[in-house]
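Asker: Just to be clear, the model below is a prediction. Sequence and coordinates:
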Amino acid sequence: MTHSTSNRSNTTTPESASIYVPLSSLFVSPGNVRQKPTRVEELAAMIDAQGLLNPLYVTLAPAKKGSPQRYAVEAGGRRFAAMNLLIVQGKLGFEAPVEVRVIEPEKAFEISLTENVSQEPMHPADAFVAYQSMVTQGLTVEAIASKFGVKVIQVLRRLRMANVAPELFQLYRNDAMTLDQIMALATVDDHERQLSVWNSLSPHNRQSHTIKRRLTEDEIADTDVRVQAIGLENYLAAGGSVRTDLFSEEGTQYLTDPALVDLMLGEKLEAMAAVVRGEGWAWVDVFSDYGFTERQQHSRLERSYLPEYKEMTSARIPLENKYHELEAEHEKAIDAEDWDESDKLTGQMEDIEARLAALKETLLDVNAFDKTIAGAVVTMDDGDLVVHRGLERRAVRKASHPDSEDGASPTAAKSRPDVPEKLMLNLSSHRTAAIQALMLGNQPVTLAALACRMAISIYNRYDSSNSPLKVSLTQSRSTLEKHSTTLATSRAAAMLDKESKSWLRRLPQDTTTWFDWLLEQPQEVVLSLIVFATANSAEAVQGRADGSDHAASIARALSLDMADWWEPTAESYLDLVPKTKLVEAVTETAGAEVAAAMLKMKKEGAVAHAQQHLQGRRWLPAPLRAVEAVSA
């Protein structure tokens, strides 16, 4: 049904007074500075609900004999475009009267420009408060959405942001907070929690995803594998409550009773474990999350498989054929340097590998194991309960086979991470800087390292040191920064730079007087300088992950934990490795299901997803993980 913007009749009035003309008589002037109106949908809805609040400014078009007068719209192009949209929607008639003001042609450009550049958009905070006021006055969310041409979810989001803690809302109004940040804070209603999270984060660490993660760390997303295992409907039936994230495009729900989730999951896992124990295994362990750390507790015993039956062969062959097809496509993608396609094909190949492995596992001959020592693990995988049979506890293996490495078979080859040389140099440069920084505060370890170097210099006739004392210390910083573009901004580099500037201020300007100056200093000053110089000479840069780690002993003595010094970011790691490595990392920290979402993403999206789920988790790539001491 069509309607008009006004019921007034068309009259002729002097310039600057309003007249009403048919909408069909209007057209956009070539001189209108806004030639491409944008985002007119909301404006059209407001005109439909409230009428045209401001007139259009027009000039008279040259009249054609016998034709109706036409008007060129000089200012108000967006309003004119919005009314035309209402015609298309069937909400406005072609002949609907429109309020206009006729101006002289020589003033047209000036008025058009003035209207478009003088209208400063109001701060979004004012709009949020205005929506809140309308609700207070009795308007429903649906009515507000209809009046302003927006979706109901958009109104709900604005109302939620208007309800953020007043202190934080004022920061947003004063432009001391971004829209993404206030949206993240608005995911929960608790003002005290909002303030606590905001104040606990340093200014440089208040990214929206960090805020959101901290706000929801005591809740469980409905996408979590634990929720899939127990079933959301079962959780609700057991009295659990949920909170919907209005700012999630997927409508993510958060389970607010994690203790109930853990209880229900534990009961489900234990029920499965009871069945497995009935199979006669020596032991059955239960893990809700069977990740990297948990897997290190067990090793797989030698396995025997039953003959493949006809149905199994029929299922296996098509999968293998598909795998070979994908393998050929993958090689073509690599040759063409199409990395997105390569990552996508790698994900598909890995999925087929997993399905083939699962098929083979169904043929496992469980009766071939020595069940006096063999056991099983009951856990989850992608929300499904799974059982890993035929395992041995490594602690038991190590006790009975002391000569084997980590309790594994003596003949088993130790796996090494596949790390490109350039990335290995980058990561080990960060590790070197962290070792140097720790050496500054640990005189015993540093002096021991220096004494060791001196002993090597004395007893190694091939030592090429050219110092008068035959001890050579070389500043390694330039080498480290050559291998890592992010090293200069690291915490370790900042600590070393601070100490360096301190010594430059203390040492005399004339280097020829340094020896005499040091003779006059207390012994602790001399030792501190030796420690500083020795630390700066340390270098643990490696080009190969399987190369000799000559800094391992110092790292252990310093109790080096690289999670204190390095974090995976796009610049430091995530952009430098293929997407498969990102999936592996997120699988370790957040589970296989969270990681699986990355398989369908392009590299840029996968990097952002990985950074969100790795930040603050103290995850490290293999080259930066602590090296265990080797038994003598």
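Answerer: Arrived safely.
Asker: Please name the nearest non-neighbouring residue to E327.
Answerer: Nearest residue to E327, sequence neighbours excluded (CB to CB, 6 or more residues apart in numbering): M349, at 6.6 Å. C-beta coordinates here come from the backbone N, C-alpha and C atoms, glycine included.
Asker: Can I take it that the one you found is in a strand?
Answerer: No. Judged by DSSP: H, G, I helix; E, B strand; the rest coil, M349 forms no part of a strand; its state is helix.
Asker: Please tell me how far V386 sits from S304.
Answerer: 20 Å (CB to CB, to the nearest Å).
Asker: and what of D497?
Answerer: 60 Å.
Asker: cool, and G77?
Answerer: Distance from G77 to S304, by CB to CB: 79 Å.
Asker: Then P166?
Answerer: Where S304 is concerned, P166 sits at a distance of 69 Å (CB to CB).
Asker: who has more neighbours, G77 and S304?
Answerer: G77 (22 against 13; other CB atoms under 10 Å).
Asker: Per-residue confidence, the more buried one, what does it come out as?
Answerer: We note a pLDDT of 85 for G77 in this prediction.
Asker: Hmm, V28 and it touching each other?
Answerer: Yes. G77 is within contact range of V28, at 5.7 Å (criterion: CB atoms under 8 Å).
Asker: Could you list which residues are in contact with L527?
Answerer: Residues near L527 by CB atoms under 8 Å, 6 or more residues apart in numbering: 443, 447.
Asker: got the buried residues for the host helix or strand of it?
Answerer: Using DSSP states H and E, the element containing L527 is helix 523-537. Neighbour-count burial for helix 523-537 flags 528-532, 534-537 (criterion: 16 or more other CB atoms under 10 Å).
Asker: Also stretch 248-268?
Answerer: 252-258, 260-261, 264-265, 268.
Asker: again, but for stretch 236-247
Answerer: So for stretch 236-247, counting by 16+ other CB under 10 Å, buried means 240, 242, 245-247.
Asker: Among the residues you listed, which one lies nearest to E311?
Answerer: G240 (40.9 Å; CB to CB).
Asker: Let's verify Q521: helix, strand, or coil?
Answerer: coil.
Asker: what about stretch 88-99, distance to the chain center?
Answerer: When distances are taken as CA atoms, centre = their mean, to the nearest Å, stretch 88-99 is centred 48 Å away from the chain's centroid.
Asker: And stretch 325-339, by the same measure?
Answerer: 27 Å.
Asker: got the CA coordinates for that stretch in CSV?
Answerer: Provided in CSV are the C-alpha atoms of stretch 325-339 (Å, rounded to 0.1, in the frame of the first residue of the first chain):
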residue,chain,number,x,y,z
GLU,A,325,44.0,-37.4,-6.8
LEU,A,326,44.3,-34.8,-4.1
GLU,A,327,48.0,-35.5,-3.9
ALA,A,328,48.5,-34.7,-7.6
GLU,A,329,46.4,-31.5,-7.3
HIS,A,330,48.5,-30.6,-4.3
GLU,A,331,51.7,-30.8,-6.2
LYS,A,332,50.2,-28.6,-9.0
ALA,A,333,49.2,-26.0,-6.4
ILE,A,334,52.7,-25.9,-4.9
ASP,A,335,54.2,-25.5,-8.4
ALA,A,336,51.8,-22.6,-9.0
GLU,A,337,52.6,-21.2,-5.6
ASP,A,338,48.9,-21.1,-4.8
TRP,A,339,49.3,-21.5,-1.1
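Asker: Number the chain from 21, please
Answerer: Shifting the count to begin at 21 puts that one at stretch 345-359.
Asker: Tell me how many other residues crowd Q541.
Answerer: 13.
Asker: cool, L346 as well?
Answerer: Neighbours of L346 using other CB under 10 Å come to 19.
Asker: what does L527 give?
Answerer: L527, neighbours per other CB under 10 Å, totals 14.
Asker: thought it was touching W534?
Answerer: Yes. Using CB under 8 Å, L527 is in contact with W534, at 6.2 Å.
Asker: in the stretch 221-370 of the chain, what spans have low per-residue confidence?
Answerer: Counting by pLDDT under 70, the stretch 221-370 of the chain contains no low-confidence segment.
Asker: Now do the strands in it.
Answerer: Secondary structure of the stretch 221-370 of the chain by DSSP state E, counting those that start in this stretch: the strands cover 240-241, 262-264, 273-275, 303-306, 318-320.
Asker: Of all those strands, which one comes closest to K622?
Answerer: strand 240-241 (22.8 Å).
Asker: in the strand or helix carrying K127, what counts as buried?
Answerer: Using DSSP H and E, K127 maps to helix 125-138. For helix 125-138, a neighbour-count test (16+ other CB under 10 Å) marks 128, 131-133, 135 as buried.
Asker: same check, this time on stretch 512-532
Answerer: 512-513, 515-516, 519.
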